[in-house]
Structures are given as C-alpha cells and as structure tokens.
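Participant: Provided below are the primary sequence and the corresponding predicted coordinates.
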Amino acid sequence: MSKARVIVLSVVHGQLTKAEAARRFGVSWQWVHTLVSRYELGGLDALEPRSRRPASNARATPPAVRDRVLSLRRHLTEAGLDAGPVTIAWHLGREGLLVPSTSTIRRILTAAGLVAAQPRKRPRSSHIRFEAAQPNETWQADFTHWRLADGTDMEILNWLDDHSRFLIACTAHSRVTGDDVVEQFLLAAEQHGLPASTLTDNGSVFTSRFTGGRNRFEYLLAALAVTQKNGSPAHPQTQGKIERFHQTLKRWLAQQSPAAAIGDLQAQLDRFRHHYNEQRPHRATGRTTPAEAYTARIKAVPRGRPGTHFRVRLDTIDRFGKLTLRRAGRLHHLGVGREHATRPALILVTEHDATVVDSRTGELLSSHRIEPDKNYWRNQQRSPGRWPGLQL
C-alpha cells in the first residue's frame, strides 16, 4: 500500500488527526489535507501519483504541421519516392509551413507507427567517402535490370554526376551494348559537356582491359582526353553512388503501372529523371535538388582542354570516302579518303576545325579547316597518325 493511502486511511478512520499524521509521516499538514480532499472526491484511486506534464506547450508542433507530415509520408511512400525526415522537411519548407527538426519529424512518424524498425546499421563515420569537387569531374555509369508487364527483361543504362548526383541520362534498352554506351555518352556530352573522367565497373561494355585490347568506349574516351576509371573487380562499393541510385529508381518504378513496351518504360524513366533532378532534395547535396547542385559551380573539363568546346558525333564513312556535317544550318561534306570507306568514324568539331578519328582504333583519318562559305572541306591531314588527345 502506498504512503498516501496509509496517511488518508489513518485520518478518515479517526486514528490520527491531520496534524498528527503530518508529524508521524514527515509531511506537511497541507499535503495531508490535499490527500484527504482527493479521497473524498474520488476515492482511493484519486491518490495515485499525477502527471506533472504541463497542460500546454507553446513549442509543441502545431496540429496542422503534424497532419501534413503524416500526409506527406503517405503520399511520397505511395509514389515510390524518398519519404525520410529530411525530404519531408524540404517539402514543408517549399510549402511555407513551419519546419520542425528532423528528429521531431522522426518522432511524429514513429508515434504514428509509420517507421519500421531496422537492424542497426554501420555508423556513417566508419565510411570512407569520396565526392568530386566539381560537376562533370566524374560521371558514374552502370546499368540495371527491370521487367516489362509480360516479364520481358530490359536493361536501364544510367549516367550520374558524382558531385551533384545529377542524373545525366537514363535510357531503356533490350540489352545494353558497347554501341549503346558510346551513343548515350556522346548524346549526354553534347547536352552537358564532356566530363573530366568516368567511373564504371569492369563490364565488357565499358572496358576490355581483362580480355586484351580496347573497346570503342575506351578509344572514345582516350580520343577525347577523358580519364577512364574502373572499380576493383567484385567491389561495387567503388561505384557506390550509382549502385545506391538504382535502389531509388527501382523503388519508384515498383509503384508505377508495369510498362507494356520499351517505349512505355522510357516514358516512365523520363518522368522519373525530371522528378529526381528537379523536384527531389538530396541529403548529400545539403537538401538542394541535383539540378541546383549541378549548376551551382563551374563544370570540370577534360585535362589539357580548358575552355575548349567540343561537338562530338558518330558516323560511318560512305563508300566514296566522305562524311557530311551540318553546321549553322548548312550541310558540309568532308573528304576523308576512299581508302577509309565504310569505317566507323568519330567526328570532333571545334570552333576552327573538324577532326575525323576511327572510333574503334583511335587512328586519325582526316583533319579539316572549317570554312563556313564552302560546301566541301578537304582533308588537311597528309599522313596517318593519332589524334593528339589519344593516349595509348
């Protein structure tokens, strides 16, 4: 029996007066009087200890904000998007609402039963992290698998900027080939500029270093003076950013209606890319979107070519030894030479010249001075050689 009950029962049964009970039990007369009053109003249950919590808290999260936290959590989760406290805080700020601390948001979610317990993870402090200092300093690339509605396996090729997490490109293929890698890289470089380096795994579409020789992608990077980096075999952590990105992509795709054809899948990827780059804050970029982080600093360029703007395209030399190139809305013909007919070519165009390189071997085939008023540009290269950017 609690001390409060003993005191009250001693008084109400006439054994002790309030003053005597106070002296015997070492409490004040006022406290004895309070206990007896509670007993008379509510019986023995009224003597149980009461909460000392304040009746109100001026710093408590407003109900409207609490409700919005919970609705954002449900909406983002259903859409297959990141719904952590950092992301929710970012959305609250964009909506002009009070932004609680991330720990407060986490407590709101936990109290509502919206947080699933996870095994204790390795502390972030133990990770050895690397991040490029500038946009376009390093592009990470890899592909992953996804199935259409009928179970057909597709492959998705992704290019991710290491510094900003900006999704450079995201394309669907029935199977990713070396030509797809080269084509998508050139399209991305045309739009965003050449990166200073690339980082990939050791897949055969990216490198032939373990099978001897070089593939088209390796020759292309060498011709453009882009440094190629490959992770250690069986160590995907080296390309950790692109590997982690695949989880985000697949979580989003899983919430969409299954694509019936490759075109439908590509349409979904285009929507995802826009949302990921423009409307989704990233923890690694200080709660800014990847697009904001990508444009916040000067872009890196391939070593040895500061300030040089390249236009790059792939083509095949025709049977007459010629290529065509459209510049400023006008079509020009490049005389490469009949001896090079049907060879796959890489055309590198700067402000003053156009250079043609064999895209498989890196051999310099022709060099042309840009003459805007002429339709035909002669080959200024008198002898075969190597494109200056090619390091073999």
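Facilitator: Done, it's in. Numbering: from 1, shown residues only.
Participant: Going by C-alpha atoms from here, please, whenever you check contacts or count neighbours.
Facilitator: Noted.
Participant: Going along the chain, name the helices of the stretch 101-250 of the chain.
Facilitator: Taking DSSP state H, counting those that start in this stretch as the test, the helices found in the stretch 101-250 of the chain are 102-111, 178-192, 216-223, 240-253.
Participant: where in the stretch 51-200 of the chain is pLDDT low?
Facilitator: 117-129 (pLDDT under 70).
Participant: The same query, at a cut-off of 80, please.
Facilitator: Scanning the stretch 51-200 of the chain for pLDDT under 80 picks out the ranges 51-59, 116-131.
Participant: Tell me where it has strands.
Facilitator: Taking DSSP state E, counting those that start in this stretch as the criterion, the stretch 51-200 of the chain contains strands spanning 139-147, 153-161, 167-173, 197-200.
Participant: tell me what the first one is packed against?
Facilitator: So that's strand 139-147. Judged by 3 or more Cα pairs under 8 Å, 6 or more residues apart in numbering; DSSP states H and E, the packing partners of strand 139-147 are strand 153-161, strand 197-200, helix 240-253.
Participant: Can I get the strands of the stretch 51-200 of the chain in a markdown table including distance to His33 and mean neighbour count?
Facilitator: Shown next, in a markdown table, are the strands of the stretch 51-200 of the chain (distance: least, Cα to Cα, whole Å; neighbours: other Cα atoms under 10 Å):
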| stretch | distance to His33 | mean neighbour count |
| --- | --- | --- |
| strand 139-147 | 75 | 21 |
| strand 153-161 | 73 | 21 |
| strand 167-173 | 72 | 21 |
| strand 197-200 | 79 | 22 |
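Participant: TSV for these, including distance to Leu249?
Facilitator: Listed next are the strands of the stretch 51-200 of the chain as TSV, based on distance: least, Cα to Cα, whole Å:
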stretch	distance to Leu249
strand 139-147	10
strand 153-161	10
strand 167-173	10
strand 197-200	18
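Participant: so which of the ones you listed comes closest to Ile262?
Facilitator: Taking Cα to Cα, strand 167-173 is the member of the strands of the stretch 51-200 of the chain nearest to Ile262, at 6.7 Å.
Participant: Direction included, what does that closest one pair up with?
Facilitator: Within its sheet, strand 167-173 is paired with strand 153-161 (antiparallel), according to DSSP bridges.
Participant: which residues touch the strand it pairs with?
Facilitator: Outside strand 153-161, the residues that touch it by Cα atoms under 8 Å, 6 or more residues apart in numbering are 135-148, 166-176, 181, 242, 262.
Participant: Grab the most central residue of the chain for me.
Facilitator: The residue at the geometric middle of the chain, judged as the C-alpha nearest the mean C-alpha position with Cα atoms, centre = their mean, is Arg165 (4.6 Å).
Participant: now it: how far from Arg50?
Facilitator: Noted for Arg165: a distance of 53 Å to Arg50, by Cα to Cα, to the nearest Å.
Participant: Which one, of the strands of the stretch 51-200 of the chain, ends up nearest to Arg326?
Facilitator: When the strands of the stretch 51-200 of the chain are compared by Cα to Cα, strand 167-173 sits nearest Arg326, at 24.5 Å.
Participant: Great, nothing more from me.
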